[in-house]
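[1] no sequence for this one, just the structure:
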């Protein structure tokens, strides 16, 4: 049932794409530096090799970081900032974080999409390569449910203001603040079924180190994220 539901959502997105003439036609794909990621061989894989359970948290986080850059340079114009589609292209967040979703994603990534001789999406296989493709896939599947972020906007806004004040001086229980952010993060899920949603609450919690710089960084993460949510 889950796969059928997501297949319908993706199909609907593809129908919408048909009306988006030359979505990528006038934009050249931008290379992505993937040197920091481990090699995965020449043969194209059918399942994401950069998930945390396969490579560990550090490599997974690097894949998310590189994938974010790759997505924003090459995909956001059509698929939306934060992978939140405006309806003109498939909402990639709904692709299951498993082999079924991986295969669909990588098929489009490698070969693109053409309709009636018009390129709606270019083929990225040769320009970006497999490592970049899986990094972008890793980023996309960790996107949080934006509605759940909005539902927690009040609490996140209050924490942002507190962190901004602490950044200018004063003492606080950093562990307690981190626990508050993590509690919110635990209630924000991915739409892909991936176990961790890299939400602004999750990122802000990781930024806290007890220093004024850490408070400022966490506050900025929440400020930017809440602005995007609205």
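    Right, received. Where do you want to start? Every value quoted in this text rests on a predicted model; they were computed, and no experiment measured them. Residues are numbered from 1 along each chain as shown.

[2] drop to CA atoms for contacts and neighbour counts, all remaining ones
    OK.

[3] residues making contact with stretch 121-133?
    Stretch 121-133 has contacts (Cα atoms under 8 Å, 6 or more residues apart in numbering) with 23-25, 29-34, 37, 39-40, 44, 66-67, 70, 106, 108-114.

[4] Give the buried residues for it.
    By neighbour count on 16 or more other Cα atoms under 10 Å, the buried set for stretch 121-133 is 121, 122, 123, 124, 125, 128, 129, 130, 131, 132, 133.

[5] Cross those against strands and list the overlap.
    residue 121 (DSSP state E).

[6] JSON lines please, covering the buried residues of stretch 121-133 and showing distance to residue 61 and pLDDT.
    Listed next are the buried residues of stretch 121-133 as JSON lines, based on distance: Cα to Cα, whole Å; pLDDT from 0 to 100:
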{"residue": "121", "distance to residue 61": "27", "pLDDT": "89"}
{"residue": "122", "distance to residue 61": "27", "pLDDT": "90"}
{"residue": "123", "distance to residue 61": "26", "pLDDT": "93"}
{"residue": "124", "distance to residue 61": "23", "pLDDT": "95"}
{"residue": "125", "distance to residue 61": "23", "pLDDT": "95"}
{"residue": "128", "distance to residue 61": "19", "pLDDT": "96"}
{"residue": "129", "distance to residue 61": "19", "pLDDT": "96"}
{"residue": "130", "distance to residue 61": "17", "pLDDT": "97"}
{"residue": "131", "distance to residue 61": "14", "pLDDT": "98"}
{"residue": "132", "distance to residue 61": "14", "pLDDT": "98"}
{"residue": "133", "distance to residue 61": "15", "pLDDT": "98"}
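
[7] Please identify which pair of the buried residues of stretch 121-133 lies farthest apart.
    121 and 131 (19.1 Å; Cα to Cα).

[8] In this structure residue 214 contacts residue 208, no?
    Yes - contact between residue 214 and residue 208 holds when scored by Cα atoms under 8 Å: they sit 4.8 Å apart.

[9] element containing residue 42?
    Residue 42 is part of no helix or strand, with elements assigned from DSSP states H and E.

[10] how far out from the middle of the chain is stretch 59-69?
    9 Å (Cα atoms, centre = their mean, to the nearest Å).

[11] Give me the contact list for that stretch.
    By Cα under 8 Å, 6+ apart, stretch 59-69 touches 32-34, 36-38, 50-52, 132-140, 142.

[12] what sits against residue 84?
    Per Cα under 8 Å, 6+ apart, neighbours of residue 84: 91, 92, 93.

[13] Swap in 10 Å and give it another go.
    Taking Cα atoms under 10 Å, 6 or more residues apart in numbering, we find residue 84 in contact with 76, 78, 90, 91, 92, 93, 140, 143, 144, 145, 146.
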